[in-house]
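Q: Task: produce atomic coordinates for the following.
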Amino acid sequence: KMKEFVCKRKKVFFLIGIYLLFLLFVSQDAWLYDTTIAKITKVQTEKTGEKEGARGETEAYYRQTMQGILLNGKWKGSKVTLKNEYTYSGVTNQKYHRGDKVFIHASENGERLSGKIKGLKRDTYLAAVGGMLLFLLILITKKQGIYTISTMIFNTVVYAVGFHFYLKGGNMIKICNIMVFCFTFGTILLLNGFHKRTLAAVCSTLCVFTVIMGIFHFIMYLYGDVDYSSMEYLGSVENPAEMFEAEVMLAGLGAIMDVAVTIAAATGELIRKKPDIKFLPLFRSGREIGYDIMGTMLSVLLFTFGSGLIPGFLIRMNNDISFLSNIRYHISFEICRFLIESIGIVLAIPISIFVSAVFLKVQVRREK
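A: The predicted structure follows:
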């Protein structure tokens, strides 16, 4: 026991050491960037005025004069003068502080250097949070944490490859169909290994996906295309209908996979302990398990969609766009996605039970 305790402590200290070295490297990685980076060493802030907003509130304006040291480029080590203007709300701009690292466009003004700030360098903060996630995954869940990290890397690569082919002129819907298959098979395989339950979960997920996309296409065919003019950030996208369909395809896939994996694992355990169990009792048992996870999955989906809407929702309401107008004209697509993916989560329970029962009962019969 003492040896196991010492071994565990060594592993913890080793992980902590790697985490700290990773943070140290990222905090000193300015040499990797082509864009000029400056570290702010001195800040002077003054209030320049106030302006009345659309709803009668007062908005304060500020100006900052800052001194910084260049961390890379041909003027590395030189001092630079920076200026910044921001508002109290910070909606379209932000306040900078001593110690911040910023991307700048530097230029010479006689013997002095000045620069225009492009944005805040955030990779150190992202590395701290991301590294903590990886550290806790490995520390708490051990091998499963490593599998989870591998899954995240795999899914990121799939996303990157999919975007690459789309930017090269590929068909968005075909690419998304391939991505859905890769996400489903790759994620479940990496997390659960290759066995009958994995195949049952994959087939269940793909069956649910096929059903909800069939429902989506049927509704679109029945009621016609929707008004895509209120979809934000479309830019020059030629076919917004494809964009919306792609969002529907990928939005709730993770929640559906979670339900399918849980049902497949539970069904497999029931069949393993009682091979002669009939389909009806098996279905009822799986249904009860599905009821327990359905509510939380729907809540996760709702919170995921809702959290992304809060900033824009509040900004529009602050500009006298009513609550009902926000719902009618600005979040209708999010509501559609939520409803379709919620249907998928509910349908995943009976479909996963049926598919898992077919796969695993056949396996039991063959083993006999």
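Q: Angles on the backbone of S78, please.
A: phi -80, psi 160 (degrees, to the nearest 10).
Q: didn't it look like it was pressed against L71?
A: No - counting by CB atoms under 8 Å, S78 stays clear of L71, with 10.3 Å between them. For the C-beta atoms, the positions are set from N, CA and C on the backbone; glycine is no exception.
Q: where exactly do the strands run in the protein?
A: Applying DSSP state E to the chain gives strands spanning 36-52, 58-70, 79-87, 101-109, 112-120.
Q: neighbouring strands for the first one, and are they parallel or not?
A: Based on DSSP bridges, the strands next to strand 36-52 in the sheet, each with its direction, are strand 58-70 (antiparallel), strand 101-109 (antiparallel).
Q: repeat for the last one
A: Here strand 112-120 is paired, per DSSP bridges, with strand 79-87 (parallel), strand 101-109 (antiparallel).
Q: Export the ones you listed as a markdown table, with columns for mean neighbour count and mean pLDDT.
A: Putting those into a markdown table (neighbours: other CB atoms under 10 Å; pLDDT from 0 to 100) gives the following:
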| stretch | mean neighbour count | mean pLDDT |
| --- | --- | --- |
| strand 79-87 | 16 | 89 |
| strand 101-109 | 15 | 87 |
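Q: circling back to that earlier point, redo the strands of the chain as TSV? Include distance to C336.
A: Listed next are the strands of the chain as TSV, based on distance: least, CB to CB, whole Å:
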stretch	distance to C336
strand 36-52	38
strand 58-70	35
strand 79-87	35
strand 101-109	38
strand 112-120	34
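Q: Which among the ones you listed is found nearest to I18?
A: Smallest distance to I18 across the strands of the chain (CB to CB): 23.0 Å, for strand 101-109.
Q: Show residues contacting the closest one.
A: Residues outside strand 101-109 that contact it (CB atoms under 8 Å, 6 or more residues apart in numbering): 30, 33, 35-40, 68, 70-71, 73, 75, 80, 82, 96, 113-121, 124.
Q: same deal with stretch 165-172?
A: Residues contacting stretch 165-172 (CB under 8 Å, 6+ apart): I175, N239, E242, M243, A246.
Q: try stretch 285-302
A: 252, 255, 258-259, 262-263, 266-267, 270, 338, 341-342, 345-346, 348-350, 352-353, 356-357.
Q: Just the mean pLDDT for it, thanks.
A: Taken as a whole, stretch 285-302 carries a mean pLDDT of 84.
Q: residues touching the nearest residue to I212 once chain neighbours are set aside, list them.
A: Nearest non-adjacent residue to I212, counting by CB to CB, 6 or more residues apart in numbering: G344, 4.2 Å away. By CB under 8 Å, 6+ apart, the contact list for G344 reads V208, F209, V211, I212, G252, A255, I256.
Q: mind listing what's buried in the longest helix along the chain?
A: Looking across the chain with DSSP state H, the single longest helix is helix 279-318. Neighbour-count burial for helix 279-318, counted by 16 or more other CB atoms under 10 Å, picks out 282-283, 285-286, 289-290, 293-294, 297-298, 301, 305, 313, 316.
Q: N155: neighbouring residues, count only.
A: 17 (other CB atoms under 10 Å).
Q: Any regions of the stretch 1-150 of the chain where pLDDT drops low?
A: Low-confidence segments of the stretch 1-150 of the chain (pLDDT under 70): 1-7, 52-57, 91, 110.
Q: Same question for the stretch 201-350 of the chain.
A: For the stretch 201-350 of the chain (pLDDT under 70), the answer is 225-238.
Q: now the helices for it?
A: 240-251, 253-273, 279-318, 323-329, 332-367 (DSSP state H, counting those that start in this stretch).
Q: what's the angle from the longest one to helix 240-251?
A: Yep, that's helix 279-318 we're talking about. 130 degrees (axes from the mean of the first three to the mean of the last three CA atoms, to 10 degrees).
Q: mind checking how far helix 279-318 is from the chain centre?
A: 16 Å (CA atoms, centre = their mean, to the nearest Å).
Q: So what angle separates the directions of that helix and helix 332-367?
A: In terms of direction (the same axes, to 10 degrees), helix 279-318 departs from helix 332-367 by 160 degrees.
Q: coming back round to it: more neighbours, S78 and L71?
A: Taking other CB under 10 Å, S78 and L71 do not tie; L71 has more neighbours (18 against 15).
Q: So that one sits against I37, correct?
A: Yes - with contact defined as CB under 8 Å, L71 reaches I37; the gap is 4.7 Å.
Q: Give me the common contacts of these two.
A: With CB under 8 Å, 6+ apart as the test, L71 and I37 both reach A30, K101.
Q: Out of the helices of the stretch 201-350 of the chain, which gets nearest to E46?
A: Nearest of these (CB to CB): helix 279-318, 26.0 Å.
Q: and the angle for that closest one with helix 253-273?
A: Computed by the same axes, to 10 degrees, the angle between helix 279-318 and helix 253-273 is 160 degrees.
Q: could the strands paired with strand 112-120 be laid out in TSV, adding distance to F185?
A: Shown next, in TSV, are these (distance: least, CB to CB, whole Å):
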stretch	distance to F185
strand 79-87	48
strand 101-109	39
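Q: Which one, of the ones you listed, ends up nearest to R9?
A: Counting by CB to CB, R9 lies closest to strand 101-109 out of the strands paired with strand 112-120; the figure is 34.8 Å.
Q: Output that closest one as CSV - backbone C-alpha positions only.
A: What follows is strand 101-109, C-alpha atoms only, in CSV (Å, rounded to 0.1, in the frame of the first residue of the first chain):
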residue,chain,number,x,y,z
LYS,A,101,0.3,41.0,-23.7
VAL,A,102,-1.2,42.5,-26.9
PHE,A,103,-0.9,42.0,-30.6
ILE,A,104,0.1,45.4,-32.2
HIS,A,105,1.0,47.0,-35.5
ALA,A,106,4.2,48.8,-34.7
SER,A,107,5.6,51.8,-36.6
GLU,A,108,8.5,54.3,-36.2
ASN,A,109,7.7,57.9,-35.5
